[in-house]
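J.: Predicted model, plus sequence, below.
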Amino acid sequence: MAAVSGRPIDVHTWSTPNGWKIPIMLEECGLPYRIVPVNIAKNEQFAADFLAISPNNKIPAIVDPDGPGGQPISVFESGAILQYLGRKTGQFYPADERARVVVDEWLFWQVAGFGPMLGQTHHFKIYAPEKVPYAIERFTAEAKRLYGVLERRLEGRAYLADDYSIADIATFTWAKLNFKQGVDIATLPNVARWLDGILARPAVQRGLASI
């Protein structure tokens, strides 16, 4: 575990499901940070200075002045940032390899499937300039399927990998917007319980309010 400095980490982000993940993690870990707003509604993610730390022009990205070897490091992609912070602090990302594999499985499930599919659902249901029934039906059906996966996983478990982890943080920020995704949370009691438990965490509340 790397030494944790008092110098703040710059968090380049905006108020979106992916953007909330990193302030929540930093609040949970007790690390100092500074929000650097990237207004995606104004296309600020395409600015040259942001491109230098996030080659895919997507939020979030961080700059840690106390990276490996005491040198600054920039990290982009929310999953990579969560893993980095987990390793840096030794929190919410287990050192035991078997336990870490489980966390990684559910983290990658979120970044590769749950988040992108729910993002498409948001787009076609709410933001698309014209309604495309096929797209709405396709992505809403996939959202429901993915919520079914989450519901089954949480049966008899408090959290995705048993202990609270970066996988829960990553998944929570998308699942909290279930009302936009054509999902009836009342039919998903395990997901509802899990959401309520995470939302009650003070660090989560602070992270959500930070942007």
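T.: Yep, it's here.

J.: what's in contact with the longest helix along the chain?
T.: The longest helix of the chain (DSSP state H) is helix 133-153. Defining contact as C-beta atoms under 8 Å, 6 or more residues apart in numbering, one finds that helix 133-153 is touched by 106, 109, 113-114, 117-118, 120-121, 124-125, 128, 160, 171, 175, 178, 181-183, 188-191. Quick note: C-beta positions are derived from backbone N, CA and C, even for glycine.

J.: For it, buried residues please.
T.: In terms of neighbour count (16 or more other C-beta atoms under 10 Å), helix 133-153 has its buried residues at 136, 139-140, 142-144, 146-147, 150-151, 153.

J.: averaged over its residues, what pLDDT does it have?
T.: Mean pLDDT, helix 133-153: 97.

J.: Kindly report the same for stretch 110-128.
T.: For stretch 110-128, the per-residue pLDDT averages 95.

J.: could you dump that stretch to PDB, C-alpha only?
T.: The C-alpha atoms that make up stretch 110-128 are tabulated as PDB, following Å, rounded to 0.1, in the frame of the first residue of the first chain:
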ATOM      1  CA  GLN A 110     -20.500  -2.800 -14.500                       C
ATOM      2  CA  VAL A 111     -18.100  -1.000 -16.700                       C
ATOM      3  CA  ALA A 112     -18.600  -3.300 -19.700                       C
ATOM      4  CA  GLY A 113     -22.300  -3.900 -19.500                       C
ATOM      5  CA  PHE A 114     -24.500  -2.500 -16.800                       C
ATOM      6  CA  GLY A 115     -23.300   1.100 -17.200                       C
ATOM      7  CA  PRO A 116     -23.100   1.200 -21.000                       C
ATOM      8  CA  MET A 117     -26.500  -0.500 -21.500                       C
ATOM      9  CA  LEU A 118     -28.200   1.800 -19.000                       C
ATOM     10  CA  GLY A 119     -26.600   4.800 -20.600                       C
ATOM     11  CA  GLN A 120     -28.100   3.800 -24.000                       C
ATOM     12  CA  THR A 121     -31.500   3.300 -22.200                       C
ATOM     13  CA  HIS A 122     -31.200   6.800 -20.800                       C
ATOM     14  CA  HIS A 123     -30.300   8.200 -24.200                       C
ATOM     15  CA  PHE A 124     -33.100   6.600 -26.300                       C
ATOM     16  CA  LYS A 125     -35.800   7.000 -23.600                       C
ATOM     17  CA  ILE A 126     -35.000  10.600 -22.600                       C
ATOM     18  CA  TYR A 127     -32.500  12.500 -24.700                       C
ATOM     19  CA  ALA A 128     -32.700  11.300 -28.300                       C
END
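
J.: list the buried ones in that stretch?
T.: 110-111, 114-115, 117-122, 124-125.

J.: And for stretch 56-66?
T.: Buried residues in stretch 56-66, defined by neighbour count with 16+ other C-beta under 10 Å: 57-64, 66.

J.: Also stretch 152-159?
T.: Going by neighbour count (16+ other C-beta under 10 Å), the buried part of stretch 152-159 is 153-154, 159.

J.: same deal with stretch 24-34?
T.: Buried, per 16+ other C-beta under 10 Å, within stretch 24-34: 24-29, 31, 33.
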